[in-house]
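Participant: mind folding the following:
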Amino acid sequence: MTRLWPRVVVLALGAAALLTGLDAALTLLRLPAPVVVTTVPDLPDTHGELMTLGFVGTLIALERAVALRRPWGYAAPALLALGSLVQLLPAAAGAGRAAVLAGAVVFAYVYVPLWRRQRDPAVLVQALGALAAACGALLLAREVPMDPVAPWLAVFLLLTIGGERLELARLRIRGRWPEPLLLTATAALLIACPATLLWPAVGYPLLGLAILAFAAWLFRYDIARTTLRSSGLPRFVAACLIAGYGWLAVAGGVCLLAPGPPTGAAYDALLHAIFLGFVMSMIMAHAPVILPAVLRRPLPYSPAMWVPAALLHATLLTRLALGDARGSALGWQVGGVGNVVAVLSFLALALWSGARARA
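Facilitator: Here you go, the predicted structure:
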């Protein structure tokens with residue numbers, strides 16, 4: 001698909017899912033939000049779906065559709081974004097989740113021609129991540145609560161990012177063991193997903209070990225350790241990556257320390273260490289590279305990008321260290337609001353940088 005406007009429309013729908021998900025986050029923090037619960041009764045319950053499949057899933061599926069270069073590939077991001085928003089309507093919630101499931105299935109199928117084009121372990125890892133996303137979307141369509149579905153969505157994002165980093169890690173990988181080690185960690189993550197559903201007391205420690213192994217692989221082999229000593233955009237990307245890997249290690253530790261399925265503060269710490277500390281940091285790192293490839297518009301690096309990135313990690317630390325670990329409601333809310341401000345400020349900065357570059 002050579003026309004730009006369908007990509008812009010899909011990206012706008014993904015941005016709408018992001019803004020709605022952040023609104024739901026404020027509601028969950030028991031703070032005033034632009035869209036109140038009386039307007040959309042199920043808004044707080046859809047926060048996780050909006051952020052993972054509606055926003056991040058749409059971004060990833062759109063980038064893969066651009067790489068595929070076939071019109072049908074754009075059905076995946078369109079269905080993910082549109083279905084995530086439609087499910088907010090009480091009368092159309094079932095149809096919305098069915099659309100999300102259809103989008104996740106199409107997204108997984110996108111990797112079939114990509115695998116035929118390039119039979120590479122990096123593509124395989126990402127394809128298995130897309131399969132985890134489809135399984136998570138199926139569980140949500142069957143009205144399974146978000147809590148037991150979260151590991152599937154976390155593994156989807158871990159494997160997608162891990163596969164992309166493997167392609168770059170080859171610039172510094174030596175020996176024959178790194179790729180088999182990553183595939184082993186991938187298999188462990190996939191085994192842990194159904195285990196958390198069937199045998200939570202065993203599944204969550206297994207998930208924690210697999211996450212720690214995955215984080216250790218990224219720390220050891222990613223080129224970020226080398227580019228951190230550079231300057232400009234490479235240094236910014238490396239700092240975001242390494243900080244994200246640190247939060248991934250925190251998430252693995254929470255799974256190991258919390259007996260059985262994490263609840264309460266442990267659940268909050270686990271989810272936000274992965275989806276904010278790791279995933280959102282990866283998005284900030286890759287935005288100056290991926291968005292121009294998708295929109296064919298430059299997104300120049302600016303030193304101002306350090307501000308929302310630093311705010312994200314500082315407020316997440318406040319949320320987990322004071323709010324979750326010490327039980328401070330104020331620390332939890334301050335950290336949560338700071339997370340929202342960090343994401344919105346990076347989005348605003350990206351729009352400003354892109355518009356200025358266009359001018």
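Participant: low-scoring stretches of the stretch 151-300 of the chain, by residue?
Facilitator: Along the stretch 151-300 of the chain, no part satisfies pLDDT under 70.
Participant: for the helix or strand D147 falls within, packing partners?
Facilitator: Element membership of D147, judged by DSSP states H and E, is helix 146-169. For helix 146-169, the elements it packs on are helix 47-49, helix 121-141, helix 178-198, helix 200-221, helix 232-257, helix 264-272, judged by 3 or more C-beta pairs under 8 Å, 6 or more residues apart in numbering; DSSP states H and E. For every residue, glycine as well, the C-beta is placed using N, CA and C.
Participant: buried set for that helix?
Facilitator: By neighbour count with 16 or more other C-beta atoms under 10 Å, helix 146-169 contains the buried residues 146, 148-166, 168-169.
Participant: quick check: angle from it to helix 121-141?
Facilitator: Counting by axes from the mean of the first three to the mean of the last three C-alpha atoms, to 10 degrees, helix 146-169 lies at 170 degrees to helix 121-141.
Participant: any idea how far helix 146-169 is from the chain center?
Facilitator: 7 Å (C-alpha atoms, centre = their mean, to the nearest Å).
Participant: then stretch 232-249?
Facilitator: Averaged over its C-alpha atoms, stretch 232-249 has a centre that lies 15 Å from its chain's centre (C-alpha atoms, centre = their mean).
Participant: now it: buried residues?
Facilitator: Judged by neighbour count using 16+ other C-beta under 10 Å, the buried positions of stretch 232-249 are 233-249.
Participant: my guess is H286 contacts V237. True?
Facilitator: Yes: contact criterion C-beta atoms under 8 Å: H286 and V237 qualify, at 7.4 Å.
Participant: residues making contact with stretch 262-281?
Facilitator: Applying C-beta atoms under 8 Å, 6 or more residues apart in numbering, the set of residues contacting stretch 262-281 from outside is 48, 51-52, 56, 147, 150, 154, 157-158, 161, 204, 211, 240-241, 243-248, 250-251, 254-255, 257-258, 261, 309, 312-313, 316, 319-320, 323-325, 327, 332, 339, 343.
Participant: how far does it sit from its chain's centre?
Facilitator: 11 Å.
Participant: quick one on the thing from earlier: and the helix holding D147, C-alpha only, in PDB?
Facilitator: The C-alpha atoms that make up helix 146-169 are tabulated as PDB, following Å, rounded to 0.1, in the frame of the first residue of the first chain:
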ATOM      1  CA  MET A 146      -7.600  -9.300  32.200                       C
ATOM      2  CA  ASP A 147      -5.500 -10.500  35.200                       C
ATOM      3  CA  PRO A 148      -4.800 -14.000  33.800                       C
ATOM      4  CA  VAL A 149      -4.500 -12.700  30.200                       C
ATOM      5  CA  ALA A 150      -1.800 -10.200  31.100                       C
ATOM      6  CA  PRO A 151       1.100 -12.800  30.800                       C
ATOM      7  CA  TRP A 152       0.100 -13.500  27.200                       C
ATOM      8  CA  LEU A 153       0.100  -9.900  26.300                       C
ATOM      9  CA  ALA A 154       3.400  -9.300  28.100                       C
ATOM     10  CA  VAL A 155       5.000 -12.200  26.300                       C
ATOM     11  CA  PHE A 156       3.700 -10.900  23.000                       C
ATOM     12  CA  LEU A 157       5.600  -7.600  23.500                       C
ATOM     13  CA  LEU A 158       8.700  -9.200  25.000                       C
ATOM     14  CA  LEU A 159       9.100 -11.500  22.000                       C
ATOM     15  CA  THR A 160       8.400  -8.800  19.500                       C
ATOM     16  CA  ILE A 161      11.000  -6.500  20.900                       C
ATOM     17  CA  GLY A 162      13.400  -9.300  21.600                       C
ATOM     18  CA  GLY A 163      13.200 -10.400  17.900                       C
ATOM     19  CA  GLU A 164      13.900  -6.900  16.700                       C
ATOM     20  CA  ARG A 165      16.800  -6.500  19.000                       C
ATOM     21  CA  LEU A 166      18.300  -9.800  17.900                       C
ATOM     22  CA  GLU A 167      18.600  -8.400  14.400                       C
ATOM     23  CA  LEU A 168      20.800  -5.600  15.700                       C
ATOM     24  CA  ALA A 169      22.600  -7.700  18.300                       C
END
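Participant: for the spatially most central residue of the chain, give its distance to H47.
Facilitator: Nearest residue to the geometric centre of the chain (C-alpha atoms, centre = their mean): V279, 4.2 Å. V279 sits 14 Å away from H47, going by C-beta to C-beta, to the nearest Å.
Participant: and P205, what does it touch?
Facilitator: 255-256.
Participant: 10 Å instead, please
Facilitator: Listed by C-beta atoms under 10 Å, 6 or more residues apart in numbering, the contact set of P205 reads 192, 195-196, 252, 255-260.
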